[in-house]
Structures are given as structure tokens and as C-alpha cells.
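Student: structure of the sequence below:
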Amino acid sequence: MTSSRNSFRTVTLGCKVNQYETQYVREGLQSVGYREAAPQEPAALCVVNTCTVTAEGDAKSRQTIRQLAARNPGARIVVMGCYATRAPDEVAALPGVAEIVTDKRELPDLLGRFGVVDIPTGISRFDGRKRAYVKVQDGCLLQCSFCIIPKVRPHLLSRPPRQIVEEVRRLVEHGHREIILTGIHLGHYGVDFNRGRPKHDWVRLSHLVDRLARLEGDFRIRLSSIEATEVTRELIAVMAEHAPRVCPHLHISLQSGSDSVLRRMRRRWGSRRFVDRCLLARETLDQPALTTDVIVGFPGETEADFDDTLRVVEEVGFSKSHIFPFSPRRTTAAAEMPDQVPPQVKQSRIERLQALQRRLAFRYQQSLLGRQLQVMVESPVADRPGYAYGTACRYVHVELPAGAESYGRFAQVTPVSIRSERLQA
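Tutor: All right, here's what the predicted structure looks like:
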């Protein structure tokens, strides 16, 4: 089978920001007559958005490109994303690669080369998703010793508030009921605007959330990952003022509960300050979900250090934790640190932390029984005819009686039990 000249296929690896940027490219191509290739149809153009946050991300990116070249003979493959930025020569050596975008600021230029004259300032829909991601900023200036992202996305760039407002309006008009604000460093939204401005004239994330929350329509806003120092009183006050329009959920990256490990990670706060910010959110918001990321087995992590992490996780009472074993990332400072933790020790600690997190998650779910929750209905439950799966405002998963006509809509439900780590309504 030969490919149609204007057919295309996209593959995205990695974060929410990458998924947003792929959608931006997809809509731009469709605006000038490109169409998505059918599942078994070879495409004339393939766009791969790569990830480099781990060595596994690099490997998956290379594998994806090779598979696309094999399954789409003669296709023009365009590669963008963080792996393309970090290792363009490696990408160029892969089969079928015709173009490499090493800087996401070049995406409008890329679309221009494909004939897009009216370059879009954002997206209008999010294909294949009930929940829409909205990228509000790019770039990270931090120098955490384990992270490679500041090397590949070093330029702080916040989008103008008016542009974001119009984009959210379009997404809501197209039926998206949950808007997730995301960025490479979400809490630094506005930092680049504020240089040289008097403090009373600064633009902050809290201002953007307040403005979006005042838009008309049946939708809710959720924040993606944020750093503890950016969980400000102003932001929490805006979330409280606009409940339930703004989901009572914060994903605050911990990484470690040990002050000595945090210093080696080059994080900007100690464990006590982190806990205090979480408790401030818990005291101000109505039964919020607090979720986090934890790296286990960072170089030099002792049993005492790990015990500190267990203590902090329990004190905060996270409803969910993403737990990762430390993986040395070439060219980062942490990769060269002494006292690398043996794999079996990492695994043992991960299992202990996972056990604690299961207990905390169950406790939080129990606290929501008998309470009315706003759930966005998303998809059918495979083993329960007549039931659907959805995500509550407090970022817990819920099963409820519902049919296909409810998908993508809100339901007000009162869970009465827990089954397989999901609330049951």
C-alpha cells in the first residue's frame, strides 16, 4: 500500500507539555489539508515528539523512529522534543529522519515550511482526550543535580494571558470539561514578564488562574506539577475562592524528605518548609488531594535519609506518590556522585514506600466516602457493563453507573465503597 501525499502520523513520548506541542503541530498541519493516516495506512509524513528525561526515554525515542521508518516506507520523518535537542546527531543517523527541530520555539517556522500561512497561537481541541492540557510556559532555570531538562529547555517563556484565555475558551467550546495548566516549570509562569517591572505590577500564576476561573462555561481547572516554594498564599487563596471551578488538588514535587539529600539534589528548600507549604494547602482548601514525586536511592542516601522520606510522606499524607528509583543521567552532576546506592537496596526501599503510599491512598479514599464529588466521566469499565470510569475533582478514580452518553461530562456522585483502589458510586 502506498501512502497518500498529505497523510501524516504523530507519536508523542514524555510529558504533558510534549503532548500539547504535538497537538499544536497536528492542528497546524490539518489547517492546510493534511489528514491523519488510518491505523494500517502508511503515512507520507511522521512527526515524533521525543523525551530525554531518562536514558529509557532516549531508547524509546530511537525505537519509535526506527519503527515508523519500517512501517511507513518512504515517509518524511520530522523529529522534535528534548532528545532531538540533546542529541541531534544521534537522531540524524536514524532511518528516515528528514528534519530535526532542536528548539520548540521553532515550531511556527516548522509549520510555515509545510505551508501554514496563518500560524496558530494555540490549539482548539485535544484529539483523543477528554481532558485538555494547556501549556502556559516553557523553560526551567533550576539546576537540580539529577535533572537534564534545564539543559534542553533553558529558555523561560510565558505565554501572554490573553492568548491562554482565548485558547481555554476554544477548548471549552469544543467540549473539553477539564483544563490542565502545564509547563516545564509551571510555578515560574510570568517570571520572564516581570523582569524590570515593579513588584506591584508582576504577573503570577495566581493571576492567570484567577482570570481563567472567571470564564463562563461548564469546565474545571487543574494545575499540574508545582514546586513547594510556589505554593503561595496567593495561589491557595485563588484556589479556595474559585472552588469548585479550580480542583482542590496540588501535585507538589518532594523528591526526598532528607535535608542532606535535598542539598545534594540542589533543591531550594528543606523538608520542614516543604511540609509547611503542604499543611498550609491542607488547612486552607477543602479536603485537598496532595500528590507528589519521590526519587529513591539518590547517591549517598542512607537508611536514616530514607526514614526521613517515609516520615515526611506520612506527615503530609499524600493521596498518591509517583515513586522512581534514582537513575544516573549522563551529563548531570548526580551521575558522577560517589556512594551510588545498590539496585537491591533501592528496590527494597521502593517497596517500603509503596506499602506506605497504599495505606495513605486508602485512608484518603475512605475520607471521601459519603461525600459528593464532581467526577468527569471518561470511559467504560471493562468488566462491569453499565458502569463508567472517571476522575474526581480530588484526583481519585471513581466507578459509577453511566453510559456512553455521559463520556466527557460531569457527574455529581457520592461514593459508598472502595473496589480495586477505585471509589464506587
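
Student: quick one: the helices in the stretch 301-425 of the chain?
Tutor: 303-316, 343-368 (DSSP state H, counting those that start in this stretch).

Student: winner for burial among the ones you listed?
Tutor: helix 303-316 (a mean of 17; mean count of other Cβ atoms under 10 Å). The way it works is simple: take the backbone N, C-alpha and C, and place the C-beta from them, glycine included.

Student: show me where the stretch 51-200 of the chain has helices.
Tutor: 55-71, 82-86, 88-92, 107-113, 149-152, 161-173, 191-194.

Student: now do the longest one, average pLDDT.
Tutor: In this model, helix 55-71 has an average pLDDT of 96.

Student: give me the contacts around it.
Tutor: 9, 11, 13-14, 42, 46, 48, 50-52, 75, 77, 79, 81-83, 86-87, 90-91, 94-97, 327, 329-330 (Cβ atoms under 8 Å, 6 or more residues apart in numbering).

Student: buried stuff in it?
Tutor: Applying a neighbour-count criterion of 16 or more other Cβ atoms under 10 Å, the buried positions in helix 55-71 are Gly57, Asp58, Lys60, Ser61, Arg62, Thr64, Ile65, Leu68, Ala69.

Student: so where's the stretch 1-150 of the chain shaky on pLDDT?
Tutor: Where the stretch 1-150 of the chain drops to pLDDT under 70, the residues are 1-3.

Student: make JSON lines out of the helices of the stretch 51-200 of the chain and add distance to Arg131.
Tutor: Converted to JSON lines, these look like this (distance: least, Cβ to Cβ, whole Å):
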{"stretch": "helix 55-71", "distance to Arg131": "23"}
{"stretch": "helix 82-86", "distance to Arg131": "23"}
{"stretch": "helix 88-92", "distance to Arg131": "30"}
{"stretch": "helix 107-113", "distance to Arg131": "22"}
{"stretch": "helix 149-152", "distance to Arg131": "23"}
{"stretch": "helix 161-173", "distance to Arg131": "10"}
{"stretch": "helix 191-194", "distance to Arg131": "26"}
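
Student: quick one, which of those gets closest to Gln143.
Tutor: Proximity to Gln143 (Cβ to Cβ) singles out helix 149-152 among the helices of the stretch 51-200 of the chain, at 6.1 Å.

Student: and the closest one, what's buried?
Tutor: Of all the residues in helix 149-152, those buried under the rule 16+ other Cβ under 10 Å are Ile149, Pro150, Lys151, Val152.

Student: which one of the residues you listed is nearest Leu250?
Tutor: Once Cβ to Cβ is applied, the member of the buried residues of helix 149-152 that ends up nearest Leu250 is Ile149, at 20.6 Å.

Student: so what's that closest one up against?
Tutor: Val53, Cys82, Cys140, Ile184.

Student: quick check: the last one vs Cys147, distance?
Tutor: Between Ile184 and Cys147 the distance, using Cβ to Cβ, to the nearest Å, works out to 11 Å.

Student: who has more neighbours, those two?
Tutor: A side-by-side neighbour count of Ile184 and Cys147, using other Cβ atoms under 10 Å, places Ile184 first with 24 against 18.

Student: isn't that one up against Leu142?
Tutor: No. Ile184 lies out of contact with Leu142 (Cβ atoms under 8 Å); the separation is 10.1 Å.

Student: pull up the overlap in contacts between those two.
Tutor: Joint contacts of Ile184 and Leu142 (Cβ under 8 Å, 6+ apart) do not exist.

Student: I'd like the buried residues of helix 149-152 written out as CSV, with distance to Leu290 added.
Tutor: Shown next, in CSV, are these (distance: Cβ to Cβ, whole Å):
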residue, distance to Leu290
Ile149, 23
Pro150, 26
Lys151, 30
Val152, 29
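
Student: out of those residues, which is nearest to Gln30?
Tutor: For these, the closest approach to Gln30 (Cβ to Cβ) belongs to Val152, at 27.7 Å.

Student: tell me who's in contact with the closest one.
Tutor: Thr52, Cys82, Thr85, Arg86 are the contacts of Val152 under Cβ under 8 Å, 6+ apart.

Student: so this protein: which segments form each domain?
Tutor: 4-113, 126-247, 373-424 (automatic domain parsing).

Student: any idea how far the residue lying closest to Gln137 once chain neighbours are set aside is from Leu223?
Tutor: Spatially, and ignoring its direct neighbours in sequence, Gln137 is nearest to Gly183 (3.8 Å; Cβ to Cβ, 6 or more residues apart in numbering). The gap separating Gly183 from Leu223 is 10 Å, by Cβ to Cβ.

Student: the two - which one has more neighbours?
Tutor: With neighbours defined as other Cβ under 10 Å, Gly183 and Leu223 compare such that Gly183 has more, 29 against 24.

Student: residue contacts, that one?
Tutor: Val17, Lys135, Val136, Gln137, Asp138, Tyr189, Ser224.

Student: burial of the fourth one, as a residue count?
Tutor: Think Gln137. Neighbour tally, Gln137, other Cβ under 10 Å: 26.

Student: I'd guessed it sits against Gln163; true?
Tutor: No. The criterion here is Cβ under 8 Å, and Gln137 misses it with Gln163 at 11.8 Å.

Student: any shared contact partners between those two?
Tutor: The overlap between the contact sets of Gln137 and Gln163 (Cβ under 8 Å, 6+ apart) is empty.

Student: follow-up on the earlier one: looking at the helices of the stretch 51-200 of the chain, which is closest to Glu405?
Tutor: Using Cβ to Cβ, the nearest of the helices of the stretch 51-200 of the chain to Glu405 is helix 161-173, at 19.4 Å.

Student: show the average pLDDT along that closest one.
Tutor: For helix 161-173, mean pLDDT is 97.

Student: okay, that helix in CSV with CA atoms only?
Tutor: Extracted in CSV, the C-alpha atoms of helix 161-173 (Å, rounded to 0.1, in the frame of the first residue of the first chain):
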residue,chain,number,x,y,z
PRO,A,161,-2.5,35.7,29.4
ARG,A,162,-4.9,36.9,26.7
GLN,A,163,-3.7,34.1,24.4
ILE,A,164,-4.2,31.5,27.1
VAL,A,165,-7.7,32.8,27.9
GLU,A,166,-8.8,32.6,24.3
GLU,A,167,-7.4,29.1,24.0
VAL,A,168,-9.2,27.9,27.1
ARG,A,169,-12.4,29.4,25.7
ARG,A,170,-12.0,27.5,22.4
LEU,A,171,-11.3,24.2,24.2
VAL,A,172,-14.4,24.6,26.4
GLU,A,173,-16.5,25.4,23.3
